[in-house]
Each structure stands twice: as structure tokens, then as C-alpha cells.
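**Q** 3D, please:
(2 chains)
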2 protein chains.
Amino acid sequence: MGTLRDLSGQELRAYRAELSSRYEKIKAGKPNIDMTRGKPCPEQLDLSLGILTVADAGHYRAVDGTDCRNYGGLEGLPEARRLFGEYLGVGPDEIIIAGNASLTLMHDVLMRAMLFGVSESEPAWGRLSEVKFLAPSPGYDRHFAICEHLGIRMIPIDMDENGPDMDAVERLAAEDAGVKGIWCVPRYSNPTGVTYSGEVVERLAAMPARAADFRIFWDDTYTVHHLTDHPKPLRNILEACKSTGNPDRVLLFGSTSKVSFAGAGLALMGGSRKNIEFTVKHLFYQTIGPDKLNQLRHVLFFKDMAGIEAHMKKHAAIIKPKFEAVDEILARELGEKGVAEWSHPQGGYFISLDTPDGCATQAVRMAAEAGVKFTDAGATFPYKKDPRDRNIRIAPTFPSLGEIRLAMEVLAVCIQLASLEKQG
Amino acid sequence: MGTLRDLSGQELRAYRAELSSRYEKIKAGKPNIDMTRGKPCPEQLDLSLGILTVADAGHYRAVDGTDCRNYGGLEGLPEARRLFGEYLGVGPDEIIIAGNASLTLMHDVLMRAMLFGVSESEPAWGRLSEVKFLAPSPGYDRHFAICEHLGIRMIPIDMDENGPDMDAVERLAAEDAGVKGIWCVPRYSNPTGVTYSGEVVERLAAMPARAADFRIFWDDTYTVHHLTDHPKPLRNILEACKSTGNPDRVLLFGSTSKVSFAGAGLALMGGSRKNIEFTVKHLFYQTIGPDKLNQLRHVLFFKDMAGIEAHMKKHAAIIKPKFEAVDEILARELGEKGVAEWSHPQGGYFISLDTPDGCATQAVRMAAEAGVKFTDAGATFPYKKDPRDRNIRIAPTFPSLGEIRLAMEVLAVCIQLASLEKQG
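**A** Below you'll find the predicted structure:
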């Protein structure tokens, strides 16, 4: 039928009536679908059931004899640091494994930064008149929430298919000593699905930064979460930082929340020895040590990177049809209407959709009223304000295929209704 | 033979030579014994082996159907909050269960206090010219370390057999708005073994505090860790605080580190609804949620308080002979010498020993040189400074009975040599 803009007044009225009727019909069926969160589905969690019992009465010691049931060891179990160092692209002594949520590691780095700074030689950020972070957007709401909570002012940076707009990043980092960091989800970025290009990684590592304690928060949370057999490679940021003389610039984060269990995985933090030592020095005041048994479970279950990669292929087999269903329904419903563009990610947990300007809030609200919840419009931007009110994050992994198909139909109807309303 | 002070010059010289000879003989045997840390021994950890496999492919859901493998739930699993609320003496909605180390919960409360305060209506502590904490001493070195790290000035408070010197506590809390809190290990206090009397608990709850946001850090870490069948009861501090109109004054902490696994237990924080809500609001920025599988494991394994109490009797059966061995050797070696007094705790993890003034550092150093490590003298006081240099903390749970006997013999010899040296 072509784009909505090409319809005549009469055609428009008829089509709008048709959409309204579809909307009311779906709503009357009282669906209850949650598309808000990047959560693994039960079938994905089933893949790791073996991890629950792999540590047992005969298996609680580390390779070096450490009794994992007892206290000790701030950095993590040596064999876990070896395996997950490789996972994160850092050496076994360049990683800390602690807790079950990488969000905690990021949050705690920033809490410490406010009170103590990020290195011995630089001041506490809380003593500065203003601290700013570069926030490639759309991005991850939980990153932005920490900054807002701590009073760190975020500067939105546009994202394109290669990553953040590096001209803007370089200019701001070089000019402003108050710019202390940047949030990056470099692989299958949340929500756009972009993997940073080699050039972007190199420029991030090499660019002059006015703040000597500028830090890249490199949240490589989807590092092995491919939906394709031939993933676009991601340049190693720590190596790039070392080779450009900025070894301490990057802090890497990752977790197995979407590899093993979302609530009971391992959280990882990587970086130069200087950064690791600084962190361990502070960790001493915070904990007696991490849950080594859970680290041991992961090593016993996955064994090596080949084991993790084989495991991730099973994840992909479960969730790829869900991503395809989103794309199929969106193409069917919106393909030629000129009211939406969406991403075709090769991995990660999200599809990012842009409506015409000013329509996202209305579309998400209407979908919610019909019983289908999407992430709040705006949530993917700093301060929850999408300047163009157009971005909607779609999280297809948790619901069933049937739910996803219905949810996308609802969304397509709502986007069209919102667009027509905006068109007037 | 009576006290060392009563010996004649000649007797003294002979006795000192005998001690020196014993010391050298022991040292020549090159013992390697670590009495520094309150760590459970392997036999204690074996008691909980069943916990490792109690959650499995058929048991990963909470009573309300929650899939414990997935994200969600900041406060902890409902059934875990019920059980460990009872454990801590608070209601199921007055507890947060998070992570594996209660030290983390305490540290994080103080980090937040510095940046945000401890309630919506009071300022961040970091903005005040000085923050002070009352530090009953001897006490737990890790408590003191957090304060020192954060620049919170500690004021030592004497401990007696009923708890902290309440006259001093009341005076300082009433006079000084900079006094924001007090550290308490109310049951089997680390290291003195004292359980606070009912009067001390009542006075802590009821005393006027100049700072409206004064907080009692109630680290009830040994709450079920009895060595007797008839433990001295401890008055419920949260109830006392509520009944005196100070419901938000106390933050309770506990853990199962010395119930289940020292590295993989549950950490608990209790308090009024207002305190819990404030904490959860901040936790949102720090985590997606705790490891619910480990909480489920604990509930499935222990079932109820009767299960925990029965389990703790098995712990007592293992460690009580170790406490008795310490007492036996100390009594045999030092009983009438007038150079040491030590505690006879009815629970907990430590025996506290006082040498004559000025002898602890020397005795601990000599023992270390002979191959037996004790906690550094001074460690049990703020800033690691024991004003009388007399307190030594003995941690008898981890070493074997044979090691303990030898270690105590070494300590007894070293204390006598240090005392004789001091006597001149």
C-alpha cells in the first residue's frame, strides 16, 4: 500500500478506522506481554542446569588446592581469572571476578571515584565542581541511571553504525577537563546492536584527553552473544590503549548473566595492572572475598572458551527465531509505510526501532494500554529524555514466539496510529 | 610456682633460661601455624556439603514460583527473608539479603552515608567537617578499617563484661552532633566474647543522640554461634529502638559465613521499614538483584530456625574442644604467673587475652618468629593502636587440636619472656 504519507484524505480515514478496529480487537483479548527487559527465557536458563550440581561434596577445591568454601582471595579464583580473562580479552592478572552483577562493579567504581578518585595520583571526583560523562545514545538505561544518581552530568553522543560519533567524542574529551569518562557497550550495543569499528576503538584508545584520569567504561556484556556464525570482530581495547600509551584509560566489564544464569552468574572487571591493584586495594575494605564456589562451578561447567562458544550457539538457536519473528512482523506491518526503521542485530539482546519524531511515547503508551509493555520511551537516553521521542527498545528474548508476534503486531498498529495522529 | 613477680633474682634468671630454651627448641621444630583468622575448619565446612547440590534441575523455583535463575528482586527471596528475618530478630519485610559478605553491606552503607547520608532528611556525611564513630575496643579490625578508610574518626570506648561503657557512650552521643554511629558486635563480641546485657541494649536504644541520624551498626554475626546449651539471651535491639521511639536508629547485620560456607554464605541487613526502603532505593543503582539460587539453597537446606540451631550444635561439637584446649594450655602454662588474663567465651570465634601492659607486640612478634602467627597486636583497636599494648586475639577454630596446643604453648612462653623483659 506504500507510505502513509501518500494516502489521500479518504484513504487515510479508512485506514485509520481499520487500525483502530484492529487495536480495539487486540485489546479486547486482554494480552499480558512484557517486552521490556533483556532477560533470558527459561529454555535458555535450562541450558545451564548442569552448573547447579557440578560443585559437590567431591568438587569444592580449586586447582591450587584452595578450599572454595572458605574465606579468601579478593581477585577471584586463579582458574576463573584465566578463563574469563580470555573471555574479556585480558590477561589472568588483569581481571577481577566478584559477585553476580557487573552493574555492581561499575557502580562501585563510580562510588569510589566520587570519594577517592580512580587512581592514587588524581583527586576524588566528588571534590570537583562538575564531573561529566559522554553518553552514546541510545544506550543502556542502567548506565545512565548511575550517573544521574551520582550527579555526573551526561552529554549525549550520537551513535551510528560504527559506534559513537568520534568527532564529537574527541572534541569533548580534548577540550574539557571535567569530562571524565564515556559509557560504551562495544559489541551488539544496547539497544542499537552496533559493534564498534576498529577505527572507533583505535580513536578511543589514542585520542588526547584533557583529564588525565579519563576512563572508558567498556561494558562488553554481549561479547560472545552472537546470532551469526561469522561475527564482526571487535578490536581489543586494552591492547589498543596499551599500544597508544594510555594503558589505564579503559575499564572492561562483562558478566555471565546471559551465558549461565541471569541472577547467579559471574561479574567481571578487567584493566591494566595499575587499575586492578587500585581496585583490589579498595575491595579489601568492602569484602572478605567473592563467592569462589560459584566461580568454580562456572569453570567446571564451561571448561574453556570453546565450551563457552559451543554453549552460546545453543543460546542463539533458541533466541534467533525470536529476533526473526520481530523482523518478520515489523516488515509485514510496517515495511513500506515509512513510519519506522529498525535494527537487524547480529547478536546481543535488543532490536532498536525509530518511529517518526515525536511518536515513540504515544506508541509505547498505547501498546501498554492494550496489554503489551515495552521499555519506556526515552529510557535509552540520558535523563530518560529522547530529544526526538522516536526510539523504542524491543527485547525479544524472554517472551514466547506467539507473544512476540502479537506484541509486534500491537506495536506496529500503535506506531501507525501515533504517526497518523501526529500527521494530523 | 606462683607469680613471676614473686621470684627472686636467681630464680628469675633460671626460669628465664628455661623459657628461652623451650622457645628455641620449639622454634627449631619449625612449626607453621596460623591463629590469625576466625575461619571455620574443613570439618565445619563439611557439615554444609549438602547445600551444594540441594538446588538442582528440579529445584530452582521459589515458593511463589519465581525462577531463581533469572533476574529480579532487590530485597531477596521471600522465604529467605522470612527465615533469616527470624534469624536476625526482625520481620520478613525488615531484612535485605544480598551477596556473600555482611562486610560489604556495612561498607556500602557507609559509602552511601558519605555521599548521600543515611536518610532522605539528613545530609551526606561527607559534607560535614568531621564524622565520628564510637568504637568499643577491643573490637573487630575490619569495622575499624572501613572507618579509617573513609576518614571517619573513631573514639575508643572501653568494653566490660556487659558491653561498651555506656556512661561514655551516652555522654558522647548526647554532646557531639558529629558522633554519627557506634560499632557493636553484641553477641560473643569480637574478640572479648561478651554478650551485651539487657541494660546496655536498652540504654543504646533509648539514649538521647545529638545527631538525628545516629546509627547503631549492630553486627550480630555470632547470633547462633553458641558453645553452650544455655546461652545468655540478647535483648532484641530493633524492638527496643521501636519502643523508645527511635525505630530508625539501628542497622542490624549478620551472615551465614560461619553457619554454611565462609566464602559462599548469605549476607543480611535488617532494620526499620524506613531504613530498608532507603537502602533498596540505593541498591537499585548498584545491582539487578542478588544471587537468589544461593538464597534458595540455604532455605532448602536449613528449612527453619530449628534446622539452623541443630546445625550449629554440630559446629559447637567440632570447635568447643579447640576452645577448651586453648584454655587448658593457658591455664597450665600461665595460670598462676600473673602475666595474663583471658576470656572464657560461651560462643563466637575468639578468645581475648590481655598481657601485662606493653607486652603484646613483643609476644606476638616472638611467636611469629617461632612459626606461630597471631593477629597483629593492636589490630583489635582503632588505628591498630592498643593504648596499653596488651590485647592478643586468639582464633582457635581453624587449626587442628595439636596445632592449637603447640601454638598456645608458644604464646605462653613468649608472653612470659616478654613480661620478664619488661620487668627488667
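
**Q** Please make it C-alpha for all contacts and neighbour counts, starting now.
**A** Noted.

**Q** Show me the domain layout of chain A.
**A** Listed domain ranges for chain A are A:4-44+A:309-423, A:61-303 (source: automatic domain parsing).

**Q** Can you tell me which of these is nearest to B:Gly89?
**A** Nearest to B:Gly89 among the domains of chain A is domain A:61-303 (24.1 Å), distances taken as C-alpha to C-alpha.

**Q** quick revisit: need the domains of chain A in JSON lines with distance to B:Lys373, can you?
**A** As requested, those are exported to JSON lines (distance: least, C-alpha to C-alpha, whole Å):
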{"stretch": "domain A:4-44+A:309-423", "distance to B:Lys373": "46"}
{"stretch": "domain A:61-303", "distance to B:Lys373": "17"}
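
**Q** And the ones you listed: which comes nearest chain B?
**A** With C-alpha to the nearest C-alpha as the criterion, chain B lies closest to domain A:61-303 of these, at 4.6 Å.

**Q** B:Ser20: which of the domains of chain A is closest?
**A** Among the domains of chain A, the nearest to B:Ser20 by C-alpha to C-alpha is domain A:61-303 (35.4 Å).

**Q** so how far is the closest one from its chain's centroid?
**A** Distance of domain A:61-303 from the chain centroid (C-alpha atoms, centre = their mean, to the nearest Å) equals 12 Å.

**Q** Next: stretch A:33-45.
**A** With C-alpha atoms, centre = their mean, you get 15 Å for stretch A:33-45.

**Q** Please see if it touches chain B.
**A** Yes - Stretch A:33-45 is in contact with chain B by C-alpha under 8 Å from any C-alpha of the partner chain, via A:Lys39, A:Pro40, A:Leu45.

**Q** what are the ranges of the strands in the stretch 201-350 of chain A?
**A** Secondary structure of the stretch 201-350 of chain A (DSSP state E, counting those that start in this stretch): strands located at A:215-219, A:250-255, A:267-270, A:341-342.

**Q** Any part of the third one near chain B?
**A** It stands for strand A:267-270. No - with C-alpha under 8 Å from any C-alpha as the criterion, chain B is not reached by strand A:267-270; the gap is at least 11.0 Å.

**Q** which residue is nearest the centroid of chain A?
**A** A:Asn190 (4.1 Å; C-alpha atoms, centre = their mean).

**Q** Return the distance of that one relative to A:Thr256.
**A** From A:Asn190 over to A:Thr256 the distance is 16 Å, taken as C-alpha to C-alpha, to the nearest Å.

**Q** top helix in chain A by residue count?
**A** helix A:305-334 (DSSP state H).

**Q** Check which residues of that one are buried.
**A** If you call a residue buried by 16 or more other C-alpha atoms under 10 Å in any protein chain shown, then helix A:305-334 has these buried ones: A:308-309, A:311-313, A:315-316, A:318-320, A:322-323, A:325-327, A:329-331, A:333-334.

**Q** Repeat that for stretch A:241-251.
**A** For stretch A:241-251, a neighbour-count test (16+ other C-alpha under 10 Å) marks A:Cys241, A:Lys242, A:Asn246, A:Pro247, A:Asp248, A:Arg249, A:Val250, A:Leu251 as buried.

**Q** so who does the fifth one touch?
**A** Translated: A:Asp248. A:Asp248 makes contact with A:Arg215, A:Cys241, A:Lys242, A:Gly271, A:Ser272, A:Lys274, A:Asn275, according to C-alpha atoms under 8 Å, 6 or more residues apart in numbering or on different chains.

**Q** give me that answer again for 7 Å
**A** A:Ser272, A:Lys274, A:Asn275 (C-alpha atoms under 7 Å, 6 or more residues apart in numbering or on different chains).
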